[in-house]
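Asker: I would like the atomic coordinates for the input below:
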Amino acid sequence: MTTDLENLLPSQETPVEYVTTKDGTVAKQPSVCVKTKKKIKLKKKSTKGNWINSIASFILEQELDGVEIVYRWPETSEDRKNFALFVRELRYKFARVEKIAKRKVPYIISIYSPTYNWATKDVSLLDDIRNYVDFFNVETDNFYAPYHKNNIMTGPLSPLYSLGNDDKSIDRTMEKYTCKTMKPSQLNIILSFGGVHWENVHKSSAEPDDIHFYVRGRDYSGYHFSWRYLKFFGFDLNKASFHDVAKTPYIWDKNHQSFVTFENERSLEEKMEYILSKNLGGVAIDRIDKDDDSHTLLNAVTSMNMCSGPKFAEDEIKYNCEKL
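Answerer: A predicted model of the protein is given here:
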């Protein structure tokens, strides 16, 4: 083993260093998954280098195949520039580690990507980092979330298609990402093994169907739940309907003003077929432990033969990008 590789091998605890703008101090966590609402600012080259070295060390220690980077709020041009620089340097570090460790398969870098703003024409972030990452895991599992404080309406958590001019759907989102990157093989859809229960929602003649309800000005409430606890919360699957456009199951209880949106075997199979038809990269699953002990939803996903679909050329575009 070379000296360079020995320097990468971690101690029993692998710290991750980051600097927050609150007081400029460096905080250390024994994990590469650092979650903070504060803006991350990599001030010094040594700090950024330590962070990258920590990630590389953690991967070697745990014998992992790669990392997913979650940074949802690079708001300013400086934020985006720093983020792109970090991703590029992480890729270079991985390449050096692969060579030293004689790894035959490159490490994977995936980027957790928000639904809309990265795919707009005036944001260059995707262009700046796409040559250094393997996949963009696009946030397609959270279009209508109860913790969004400025909700105007409820809706299905992960609709496959939109109704009318509504852009909140997997189809509209992946179309924008594909036409922005022109590399559908880099794009993964995020699947959720759960759902959301909304209470105190009201339907009026303004809503087009039984899956959208205006909640502005109402004292509504809602919470996420796992598939494994669907029956625990008392939801009767016999009362569930399946929306032909959104391709998602739901339960609307008019008497109790209750709306439940969730994934099931059929909705996940619809999404897998969509991935095949659009020549996309694949899927990322948000917490497999939300599934039941029989792996009902995971089996629905893995039962689809991803090599059996239409034969497209690599990165052949299956969207009409001229209209965007």
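
Asker: quick one, helices of the stretch 51-200 of the chain?
Answerer: 77-101, 125-129, 170-181 (DSSP state H, counting those that start in this stretch).

Asker: give me the nearest residue to residue 288, chain neighbours excluded.
Answerer: Nearest residue to residue 288, sequence neighbours excluded (CB to CB, 6 or more residues apart in numbering): residue 298, at 6.2 Å. Every residue, glycine included, has its C-beta placed from N, CA and C.

Asker: and what of residue 158?
Answerer: Per CB to CB, 6+ apart, closest to residue 158 is residue 141, 4.9 Å.

Asker: touching, that neighbour and residue 193? I think so.
Answerer: No - when contacts are counted by CB atoms under 8 Å, residue 141 is not listed as touching residue 193 (9.3 Å).

Asker: the two: which has the busier surroundings?
Answerer: Taking other CB atoms under 10 Å, residue 141 and residue 193 do not tie; residue 193 has more neighbours (25 against 21).

Asker: separation between that one and residue 285?
Answerer: Computed with CB to CB, to the nearest Å, the distance linking residue 193 and residue 285 is 7 Å.

Asker: what residues are shared contacts of the two?
Answerer: residue 298 (CB atoms under 8 Å, 6 or more residues apart in numbering).

Asker: which residues does the residue nearest to residue 124 when sequence neighbours are not counted contact?
Answerer: The shortest distance from residue 124 to any non-neighbouring residue, by CB to CB, 6+ apart, is to residue 80 (7.4 Å). For residue 80, the residues meeting the contact criterion (CB under 8 Å, 6+ apart) are 74, 123, 124, 125, 128.

Asker: tell me how far residue 80 lies from residue 67.
Answerer: 19 Å.

Asker: tell me, how many residues neighbour residue 73?
Answerer: Neighbour number of residue 73 under other CB under 10 Å is 12.

Asker: picking that back up, tell me the confidence at the residue nearest to residue 124?
Answerer: pLDDT, the model's per-residue confidence, is 89 for residue 80.

Asker: next one: the one 5 residues further on
Answerer: The confidence metric pLDDT takes the value 94 at residue 85.

Asker: number of nearby residues for it?
Answerer: Residue 85, neighbours per other CB under 10 Å, totals 14.

Asker: cool, and residue 61?
Answerer: For residue 61, the count of nearby residues is 14 (other CB under 10 Å).

Asker: my read: residue 315 touches residue 279, true?
Answerer: Yes - using CB under 8 Å, residue 315 is in contact with residue 279, at 7.4 Å.

Asker: related to what we said a few turns ago, ok, the residue nearest to residue 288 - contacts?
Answerer: Taking CB under 8 Å, 6+ apart, we find residue 298 in contact with 193, 285, 288, 291.

Asker: so how far is residue 113 from the spatially closest residue to the second one that is not a sequence neighbour?
Answerer: Going back to what we said before, that points to residue 285. Leaving aside its chain neighbours, residue 285 sits nearest to residue 191 (5.1 Å; criterion: CB to CB, 6+ apart). For residue 191, the distance to residue 113 (CB to CB) stands at 15 Å.

Asker: neighbour-wise, which of those two wins?
Answerer: More neighbours surround residue 113 than the other of residue 191 and residue 113, with 28 against 23 (other CB under 10 Å).

Asker: beta partners for the spatially closest residue to that one that is not a sequence neighbour?
Answerer: In this structure, residue 113 finds its nearest non-sequential neighbour in residue 136, 4.5 Å apart by CB to CB, 6+ apart. With DSSP bridges applied, residue 136 shows beta-bridge pairing to residue 111, residue 187.

Asker: what touches both of residue 141 and residue 193?
Answerer: Shared contacts of residue 141 and residue 193 (CB under 8 Å, 6+ apart): residue 286.

Asker: dump the residue contacts of the residue nearest to residue 105 when sequence neighbours are not counted.
Answerer: The shortest distance from residue 105 to any non-neighbouring residue, by CB to CB, 6+ apart, is to residue 65 (7.4 Å). By CB under 8 Å, 6+ apart, the contact set of residue 65 is 105, 107, 108.

Asker: which one of those has the most neighbours?
Answerer: When neighbours are taken as other CB under 10 Å, the top entry among those is residue 107 (21 neighbours).

Asker: my read: that one touches residue 94, true?
Answerer: Yes - in this structure residue 107 lies within contact range of residue 94 using CB under 8 Å: 4.3 Å.

Asker: coming back round to it: determine which two of the contacts of residue 298 are furthest apart.
Answerer: 285 and 291 (8.8 Å; CB to CB).

Asker: so how far is residue 296 from the spatially most central residue of the chain?
Answerer: By CA atoms, centre = their mean, the chain has its centre lying nearest to residue 139, at 3.5 Å. Between residue 139 and residue 296 the computed distance is 24 Å (CB to CB).
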